[in-house]
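Visitor: would you be able to build a 3D model of this:
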Amino acid sequence: MHKVILLLDFAEEYSKSLLKGISKYSAEHGPWTFCRMPLYYRETVGIQGILAWAKDWGADGIIGQFYNDMDLDVILDSGIPIIAQDFKERFEVLPNITGDYHKMGALGAAYFLKKGFKHFAFYGFNNIVWSRERAEGFEQQINEHGHKVHYFEHRKARSTDIWHFKSNSLINWLQKLPKPIALMTCDDNQALHITEACRQNKIRIPEEIAVLGVDNDVMLCELSDPPLSSIAMDIEKGGYEAAKLLEHMINNGNTAHYDIIIEATQIITRQSTDIYATNDEHIASSLRYIHQHIESNLQVDDVVKEVPLSRRSLEKRFLQITGYPIYKYISNLRIEKFTQKLLETDMTVFEIAMDMGLNDSKNIARQFRQIKGCNPIAYRKKYLAGK
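Guide: Sure thing, here's the model as predicted:
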């Protein structure tokens, strides 16, 4: 039985999801004994105190949040396997629970570009790796399409700061942004800052500012007014893989390590981005109809019937504005909805297809492979812990 110290922020949904994965691995391969150590130990007793406590308790390993300026030699000399959550910057000599943050930023950019936006903004922190790299990925994708990104950042700010302390500068920035604008934030906490500031200053969401967060913290997303769209990640799987790595290090030594990469799985659309930034009312109407009826066996002819245009005219204008033929847009959105059900339910591929009004589960599986690069079962195993 392994004894493991968890030095995490147990109030955050991200850490809770990590814990679910760690617990699942323990249940399958343990049982393990855990000590949930409050974060204030990091500030009060420092790394020496934590390691001394770990030695007295007989800890086999630690998973936690550590400062980058801590004495790493003390950590390495302790001989205790340690995995660090990169809540500030990645470590070079310790394995990190980190993420493909550039890819997450690019995913957010692609999401907004498909909605027809021409103006873009990012709200985050340039002194925290997961915020900075999400911004970089977002900006690179936006720049490649000939647009620029407006930024609001604080070098000394913390991700948990209350937005009211910087309300004047934040509100002035929001009011001066060109409208309509697509705004991505580094996480759901900061997205909630934006929606609160907009609501109190009568800036309409999503009509003037469409807001996208990261983490899909359901409590925060639903606390927001309007409800917040967010990028979901395979955090629970990351916890599972971190526990697997820790056991590997316990059995094989500290040098036998690698980073745990948490990836984005999908974008959960809620009201904060439920808009299509186009002045062409026929295309906006078509897009609304597609999104409202995507969980039925929707065909291009169904969309054509909803607007007073010929099929040829509609398809030409749709392609010019969205960058996709109508059939391809429907196919991509259908796969997004299919993916959401695949990761959030235990339904079989056949059951999901039936739930979406599709009679041919083999065809949807084939389309899924074309877009995602693997079949639905392999995708579910890839992103869910212990599957």
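Visitor: state the mean pLDDT of stretch 307-323.
Guide: Mean per-residue pLDDT for stretch 307-323: 90.
Visitor: leaving out chain neighbours, which residue sits closest to Met184?
Guide: Distances taken as CB to CB, 6 or more residues apart in numbering place Gly108 nearest to Met184, at 4.3 Å, with adjacent residues excluded. (Each C-beta comes from the backbone N, C-alpha and C, glycine too.)
Visitor: got the phi/psi numbers for the one you found?
Guide: Main-chain dihedrals, Gly108, degrees, to the nearest 10: phi -60, psi -40.
Visitor: and it, how far is that from His257?
Guide: Applying CB to CB, to the nearest Å, the value for Gly108 to His257 is 30 Å.
Visitor: the two: which has the busier surroundings?
Guide: Between Gly108 and His257, counted using other CB atoms under 10 Å, the more crowded position is Gly108 (31 against 19).
Visitor: give the contact list for that one.
Guide: Shown in contact with Gly108 (CB atoms under 8 Å, 6 or more residues apart in numbering): Arg134, Phe138, Met184, Leu212, Val214, Ile231, Ile267.
Visitor: okay, those in CSV with distance to Gln299 and pLDDT next?
Guide: Listed next are the contacts of Gly108 as CSV, based on distance: CB to CB, whole Å; pLDDT from 0 to 100:
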residue, distance to Gln299, pLDDT
Arg134, 37, 97
Phe138, 34, 98
Met184, 33, 98
Leu212, 29, 98
Val214, 34, 97
Ile231, 30, 97
Ile267, 24, 92
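Visitor: where does pLDDT dip in the protein?
Guide: 153-166, 256, 386-387 (pLDDT under 70).
Visitor: let's see 50
Guide: Applying pLDDT under 50 to the chain flags residues 155-157, 159.
Visitor: gap between the residue sitting furthest away from the middle of the chain and His102?
Guide: For the chain, the largest distance from the centre (CA atoms, centre = their mean) belongs to Ser310, which lies 39.3 Å off. Distance from Ser310 to His102, counting by CB to CB: 42 Å.
Visitor: the stretch 51-200 of the chain: helices as residue ranges?
Guide: Using DSSP state H, counting those that start in this stretch, the helices of the stretch 51-200 of the chain run over residues 72-78, 101-114, 129-144, 167-176, 188-200.
Visitor: can you list the helices and strands that the fourth one packs against?
Guide: Packed against helix 167-176, as judged by 3 or more CB pairs under 8 Å, 6 or more residues apart in numbering; DSSP states H and E, are the following elements: strand 149-153, helix 188-200.
Visitor: among those, which is nearest Lys316?
Guide: strand 149-153 (29.9 Å; CB to CB).
Visitor: re the thing from before, dump the helices and strands packed on helix 167-176 into a markdown table; add mean neighbour count and distance to Ile62 as well.
Guide: Shown next, in a markdown table, are these (neighbours: other CB atoms under 10 Å; distance: least, CB to CB, whole Å):
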| stretch | mean neighbour count | distance to Ile62 |
| --- | --- | --- |
| strand 149-153 | 17 | 32 |
| helix 188-200 | 21 | 26 |
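Visitor: redo these as a markdown table? Include distance to Tyr40.
Guide: Conversion of the helices and strands packed on helix 167-176 to a markdown table gives the following (distance: least, CB to CB, whole Å):
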| stretch | distance to Tyr40 |
| --- | --- |
| strand 149-153 | 28 |
| helix 188-200 | 20 |
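Visitor: closest one to Arg90 among the ones you listed?
Guide: The nearest among these, by CB to CB, is strand 149-153 at 19.6 Å.
Visitor: and the contacts of that closest one?
Guide: Strand 149-153 has contacts (CB under 8 Å, 6+ apart) with 119-126, 135, 138-139, 142-143, 169-170, 173, 177-178, 181.
Visitor: report the central residue of this structure.
Guide: Nearest residue to the geometric centre of the chain (CA atoms, centre = their mean): Ile231, 3.4 Å.
Visitor: my read: that one touches Asn216, true?
Guide: Yes - with contacts counted by CB atoms under 8 Å, Ile231 reaches Asn216, the gap being 6.7 Å.
Visitor: which neighbours do the two share?
Guide: Ile268.
Visitor: Tyr383: what's it in contact with?
Guide: Going by CB under 8 Å, 6+ apart, the list of residues near Tyr383 reads Asp234, Lys237, Glu263, Thr265, Leu343.
Visitor: mind checking which of those are buried?
Guide: Applying 16 or more other CB atoms under 10 Å to the contacts of Tyr383, the neighbour count classes Asp234, Lys237, Glu263, Thr265 as buried.
Visitor: any idea how far the first one lies from Lys20?
Guide: Using CB to CB, one gets 12 Å for the distance from Asp234 to Lys20.
Visitor: any residues in contact with both of these two?
Guide: Overlap of the contact sets of Asp234 and Lys20 (by CB under 8 Å, 6+ apart) consists of Ala385.
Visitor: hmm, back to that, compare the helices and strands packed on helix 167-176 and give me the one nearest Lys362.
Guide: helix 188-200 (37.1 Å).
Visitor: could you give the angle of the closest one to strand 149-153?
Guide: Angle between the axes of helix 188-200 and strand 149-153 is 100 degrees (criterion: axes from the mean of the first three to the mean of the last three CA atoms, to 10 degrees).
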